[in-house]
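# how does the following fold in three dimensions:
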Amino acid sequence: MKSVLIFLTFLCTTALAGTWTAWGAWADTCVNCPGATYRGRTRVCVPGTDMSGCTGDRIEKEVCNCPLEAEWKEWADWSVCDKDCGFCGTHTRTRECDLIPSCPAVTCTGDDTEEEPCSDTDKVCLAPSVSCCSGYKKKVDIATKRFYCGLP
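Numbering: from 1, shown residues only. A predicted model of the protein is given here:
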């Protein structure tokens, strides 16, 4: 009993300093903030018996190795030409940005869609479409008795 009393007296008169818990896990992704891209982890201070704090930092940061921009995936195939008359047809293709999960602020530069003309026929479009598209004019070939789209 005397040894227990001595031990309890020791505990009551000896101030134990605060201690840190183990570091938490690193964040899965980097966070973009002014001037840097980083990720972090934290730990908790358990106050000492005299309510004293801990020495050292509560937060630990790590600069992420993020590129300035992400890469584009390959272009998809061209869509089917939407019109086959009057030089009006266009088709499109798309691509996706290959984002980097650990660097959410990093994106791709440029367009994700391209469009280009695909109709090379001079055949006049039927209503309700315009007869000929921009830059072309409806003309007549008297010898063959047909209308066609041509340059003005």
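# report how many residues lie close to the nearest residue to Thr19 once chain neighbours are set aside.
The spatial neighbour of Thr19 that comes closest, neighbours along the chain excluded (Cβ to Cβ, 6 or more residues apart in numbering), is Val46 at 5.3 Å. The way it works is simple: take the backbone N, C-alpha and C, and place the C-beta from them, glycine included. Using other Cβ atoms under 10 Å, Val46 has 12 other residues around it.
# same deal with Gly89?
Using other Cβ under 10 Å: Gly89 sits among 19 other residues.
# make residue 1 into 12 and carry on from there
Understood, numbering begins at 12; the last thing we discussed is Gly100.
# for beta bridges, what are the partners of Cys108?
Legend: beta-bridge partners of Cys108 under DSSP bridges are Trp83.
# just checking, it touches Asp123?
Yes: taking Cβ atoms under 8 Å as the definition, Cys108 is a contact partner of Asp123 at 6.9 Å.
# joint contacts of the two?
When Cβ atoms under 8 Å, 6 or more residues apart in numbering defines a contact, the residues bordering Cys108 and Asp123 alike are Trp83.
# of those two, which one has the most company?
Taking other Cβ under 10 Å, Cys108 and Asp123 do not tie; Cys108 has more neighbours (16 against 13).
# check what pLDDT that one gets.
For Cys108, the pLDDT comes out at 94.
# for Pro163, what are its contacts?
By Cβ under 8 Å, 6+ apart, the contact set of Pro163 is 147-148.
# the same query, at a cut-off of 10 Å, please.
If you count contacts by Cβ atoms under 10 Å, 6 or more residues apart in numbering, Pro163 has them with 143, 146-148, 150.
# which residues does the lengthiest strand in the chain contact?
Longest strand in the chain, counting residues (DSSP state E): strand 47-53. With Cβ under 10 Å, 6+ apart as the test, strand 47-53 has contacts from 32, 34-43, 68-77, 113-117.
# what subset of the residues you listed is buried?
Neighbour-count burial (16 or more other Cβ atoms under 10 Å) applied to these gives 38, 41, 75, 77, 114, 117.
# what segments of this structure are strands?
Counting by DSSP E, the strands of the chain are 30-31, 42-44, 47-53, 56-57, 70-74, 82-83, 101-105, 108-109, 124-128, 148-152, 157-161.
# closest to Trp89 out of those strands?
Trp89 sits nearest to strand 101-105 of all the strands of the chain, at 4.7 Å, using Cβ to Cβ.
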